[in-house]
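Participant: 3D, please:
(chains A, B, C and D)
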Protein chains: 2
Amino acid sequence: MTLKKVKLAFIVNDASRKTTYNKRQKGLLKKVYELSTLCGVEACAIVYGPYEPQPEIWPSPQGVQTVLSKFRTMSESEKSQKMVNQETYMIQRVLKAKEKLKTQRHDNYEKEMVMLMFQCLCEGKLVQNNISLVDSKHLRWLIDQKLKDISRRLEAEVSNGKHPIQFQMAPPLTSRDEKMEMMGHGYVGVTMNNGDIMESQIVMGLMMNDEGDETIPFGEVDPRFLPNLLL
Amino acid sequence: MTLKKVKLAFIVNDASRKTTYNKRQKGLLKKVYELSTLCGVEACAIVYGPYEPQPEIWPSPQGVQTVLSKFRTMSESEKSQKMVNQETYMIQRVLKAKEKLKTQRHDNYEKEMVMLMFQCLCEGKLVQNNISLVDSKHLRWLIDQKLKDISRRLEAEVSNGKHPIQFQMAPPLTSRDEKMEMMGHGYVGVTMNNGDIMESQIVMGLMMNDEGDETIPFGEVDPRFLPNLLL
DNA sequence: CTGTCTATCTATAAATC
DNA sequence: TGATTTATAGATAGACA
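Facilitator: Okay, here's the model as predicted:
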């Protein structure tokens, strides 16, 4: 598929269906040929197009016969095992798609959390809208992780002599605000005054540098971090 | 194929052949499924892999049987018509490849001629190495075409009022140097003195502007114009 | 062996001739 | 119809975990 991502369903338009048929039929036979050649296996394909009573086949009438006779001599019981029929094929594809959806949702959630974290940092307090207790817990965990990571990297850099000035990192929230954990609202104690802005820029810079994210200019929002409202 | 363009031949390495087999077998069945779904045609594929006595098939044992019974009821005479067997398939591909090769060679020749023309213009005389009478004739033809084209465009621009200064174009070579045509060497009367360089820059600029070529800085050579020594 | 990743090649949808 | 072109989706080689 290309230019447009075509839905895997019967093409209603007669002209495009015919064009597609001609192209894909040729492509398919080529694929059979390639598989057979590259891997030295016996294979055949038969396609009954809607325009000719004769099917398109690969490799040759004789070649098809050879494969078919091999196929026909199998007992029915053998056939029903190990074979990929349309239903199991579809089931496999659906399972795989669901799997992917799950991963995707998880990734989206992570990105939303990161975005939220930056919003808090920018605005100086937690944005209360639409945040659950679970989310706020996860947000705290995330911030803790980031802080720990920053401590680790600062230490590494200091020991490399890059930062002669010592930073005094605040301890992670977990050890400081444990008692707030069950307060039942989203506020997680991340308030800031204007004097912290300089520091927060440094901190943001440090936080942005894992996983290949580009550093984002203060105040701009990477579209990748926009919450996916559709999921 | 990817990362490397794989030769369409039996893969000797056991491991890669198996990997390739698994990937392509799956891809092939998917293609059959797509063709069948998109175009609403009956199709089946059977692949006897080297690792299982059971073949991989599409769509299902029953589906294959249906297509097969249709196939088997055809008379032998019908089968031999209209079918694409391996040999005719290969012949088609070879013909197509030859066709492409021909076009490619022609394109390369044209590019070499253009390059030669610029060399002459840059160096003030024809480079004698490796140029046949046929080439020199074609070169003259090419230059004539370019000159005519330039005249046409100049007139157009002048009539648009873009160039208040009138250019006096030399007539095409054909009418001026007809008698040189059969002299039997490559010299085609394109000599220049240093005073012509400014003019040649204007002329080159004009010559370069058809067919989407970028204008090339004086003295540089577009790699696309390098003679293809392999053909 | 199975899945993942990524760079690259191939297939092909759509428009145009 | 069929060939060509253009731009994008899909397939997949090779490396790795």
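
Participant: give the contact list for A:K98.
Facilitator: A:K98 sits next to no residue when contact means C-beta atoms under 8 Å, 6 or more residues apart in numbering or on different chains. For every residue, glycine as well, the C-beta is placed using N, CA and C.

Participant: sec struct for the closest residue to DNA strand C within chain A, please.
Facilitator: DNA strand C sits closest to A:G27 of chain A, with a gap of 2.1 Å, by C-beta to the nearest atom of the strand. Three-state assignment for A:G27 (DSSP: H, G, I helix; E, B strand; the rest coil): helix.

Participant: what about the residue nearest to it when sequence neighbours are not counted, how many residues close to it?
Facilitator: Leaving aside its chain neighbours, A:G27 sits nearest to B:K31 (7.0 Å; criterion: C-beta to C-beta, 6 or more residues apart in numbering or on different chains). The local packing of B:K31 (other C-beta atoms under 10 Å in any protein chain shown) involves 22 other residues.

Participant: buried stuff in the helix or strand harbouring A:Q145?
Facilitator: Taking DSSP states H and E as the criterion, the element that holds A:Q145 is helix A:133-159. By 16 or more other C-beta atoms under 10 Å in any protein chain shown, the buried positions in helix A:133-159 come out as A:136, A:138-140, A:143, A:146-147, A:150-151, A:154.

Participant: Please apply the same query to stretch A:87-95.
Facilitator: Buried residues in stretch A:87-95, counting neighbours by 16+ other C-beta under 10 Å, are found at A:Y89.

Participant: And A:S16, how far from B:K30?
Facilitator: Distance, A:S16 to B:K30, by C-beta to C-beta, to the nearest Å: 20 Å.

Participant: How about the longest strand along chain A and DNA strand D, touching?
Facilitator: Counting by DSSP state E, the longest strand found in chain A is strand A:42-48. No - Strand A:42-48 lies out of reach of DNA strand D by C-beta under 7 Å from any atom of the strand, never closer than 12.8 Å.

Participant: Show me what that strand is packed up against.
Facilitator: helix A:14-39, strand A:56-58, helix A:61-72, helix B:14-39, strand B:42-48, helix B:61-72 (3 or more C-beta pairs under 8 Å, 6 or more residues apart in numbering or on different chains; DSSP states H and E).

Participant: give me that answer again for 6 Å
Facilitator: Using 3 or more C-beta pairs under 6 Å, 6 or more residues apart in numbering or on different chains; DSSP states H and E, the elements in contact with strand A:42-48 are helix A:14-39, strand A:56-58, helix A:61-72, strand B:42-48.

Participant: is stretch A:89-102 up against DNA strand D anywhere?
Facilitator: No - if you take C-beta under 7 Å from any atom of the strand as the test, stretch A:89-102 misses DNA strand D, and the best it gets is 10.9 Å.

Participant: So in chain A, which helix runs the longest?
Facilitator: helix A:86-123 (DSSP state H).

Participant: Report the inter-axis angle for that one versus helix B:14-39.
Facilitator: Taking axes from the mean of the first three to the mean of the last three C-alpha atoms, to 10 degrees, one finds helix A:86-123 and helix B:14-39 inclined to each other by 100 degrees.

Participant: by how many degrees do helix A:86-123 and helix B:61-72 diverge?
Facilitator: On the basis of the same axes, to 10 degrees, helix A:86-123 is oriented at 130 degrees to helix B:61-72.

Participant: Flag every buried residue along helix A:86-123.
Facilitator: A:89, A:108, A:111-118, A:120-121.

Participant: where does chain A have its least confident helix or strand?
Facilitator: Lowest mean confidence among the helices and strands of chain A (mean pLDDT, DSSP states H and E): helix A:173-176, at a mean of 47.

Participant: Kindly report the residues of chain A close to chain B.
Facilitator: By C-beta under 6 Å from any C-beta of the partner chain, the residues of chain A that approach chain B are A:8, A:10-11, A:17, A:20-21, A:24, A:28, A:31, A:35, A:37-50, A:54, A:56-57, A:59-61, A:67, A:71, A:79, A:82-83, A:85-86.

Participant: Any of those residues buried? List them.
Facilitator: A:11, A:17, A:20-21, A:24, A:28, A:31, A:35, A:37-39, A:41-49, A:54, A:56-57, A:59-61, A:67, A:71, A:79, A:83, A:85.

Participant: re earlier: just the buried residues of helix A:133-159 now: which is nearest chain B?
Facilitator: Among the buried residues of helix A:133-159, A:K146 lies closest to chain B (C-beta to the nearest C-beta), at 36.4 Å.
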